[in-house]
Structure formats: structure tokens, C-alpha cells
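S.K.: Structure here, sequence nowhere to be found:
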């Protein structure tokens, strides 16, 4: 038997702001709040344990904006990459420079707190 990713936890200064951002990016909804102020978001109508992992935005007085050891990759499901890039930028994402050459088929972005993530080219089928 194998393990499956059930949750991803992202330390942040403002859980409300990042929960709103990532909910819009992923089409997630709030599914719970932690006693420490953390907010868990996930697919609507599914919650914890579904096919997609939930995301917990965990408050931290020392979120580290330097090179992350883990980042999130996202793929559009209902539009092409350029249209999705425009949507993400309008939500508050910013282009991030991690040394890319300009020939990659993905965009490196940062969420409103500077956490890097990539928008990949290939469109995926919605779940």
C-alpha cells in the first residue's frame, strides 16, 4: 500500500489573504479553521481525504520567503496557459525570477506573500 498526499501546509503571515488567493486559483472553498488561526481550503463538496489534497494556510510570525524546498505547480483546466496567466496576475500573483532562460514552457509566479509556484502549459481535465 502507498501513501497519498492529503494536505499541503503553507506557512504565511496572513492566512485570510492567502486562503482567498489560493481558493480563487484552485477553485477551492474554505473547509475549516484551525485553533491557531490556520485556514484549510479544499475542493467544494469534498473536503479532507478527496482526490485532491487540501491546502492549510498556517499563520507564522516567521514565514521564510527565501528558496522553498517545495512549491506548487498548477495547470489550467478550462482555458489556455496565457489566459490563465492573465487571471492569476489579476488575482495578485507576480512574475518571479528563479533563473529561468525564457524558453521554458511554464511561468514562475509568486503568490501575494512571495511563495513561488509554477503555471504549467498542459491543460488538465477537471476532476
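M.R.: In hand now; what should we look at? Owing to the predicted nature of the structure, the values given are computational and were not obtained by experimental measurement.

S.K.: so what's residue 10 bridging to?
M.R.: residue 57 (DSSP bridges).

S.K.: which residues touch it?
M.R.: The neighbours of residue 10, taking C-beta atoms under 8 Å, 6 or more residues apart in numbering as the test, are 18, 55, 56, 57, 58, 115. Glycine gets a C-beta too; all of them are placed from N, C-alpha and C.

S.K.: Just among those residues, which is most surrounded?
M.R.: Tallying neighbours with other C-beta atoms under 10 Å puts residue 57 at the head of these, with 28 neighbours.

S.K.: From residue 52, how far out is the residue nearest the centre of the chain?
M.R.: Among the residues of the chain, the smallest C-alpha distance to the mean C-alpha position (C-alpha atoms, centre = their mean) belongs to residue 22, namely 5.1 Å. As judged by C-beta to C-beta, to the nearest Å, residue 22 and residue 52 stand 12 Å apart.

S.K.: sorry, back to before: surely the residue nearest to the centre of the chain is within a strand?
M.R.: No - note on residue 22: no strand contains this position according to DSSP: H, G, I helix; E, B strand; the rest coil, which reports helix.

S.K.: Just give the nearest non-adjacent residue to it, would you?
M.R.: residue 55 (5.7 Å; C-beta to C-beta, 6 or more residues apart in numbering).

S.K.: and residue 17, how many neighbours?
M.R.: Counted with other C-beta under 10 Å, the burial measure for residue 17 works out to 15 neighbours.

S.K.: Name the nearest residue to it, ignoring sequence neighbours.
M.R.: The spatially closest residue to residue 17, leaving aside those adjacent along the chain, is residue 112, at 5.8 Å (C-beta to C-beta, 6+ apart).

S.K.: I figured the one you found was touching residue 88, is that so?
M.R.: No - in terms of C-beta atoms under 8 Å, residue 112 does not count as a neighbour of residue 88; the distance is 11.1 Å.
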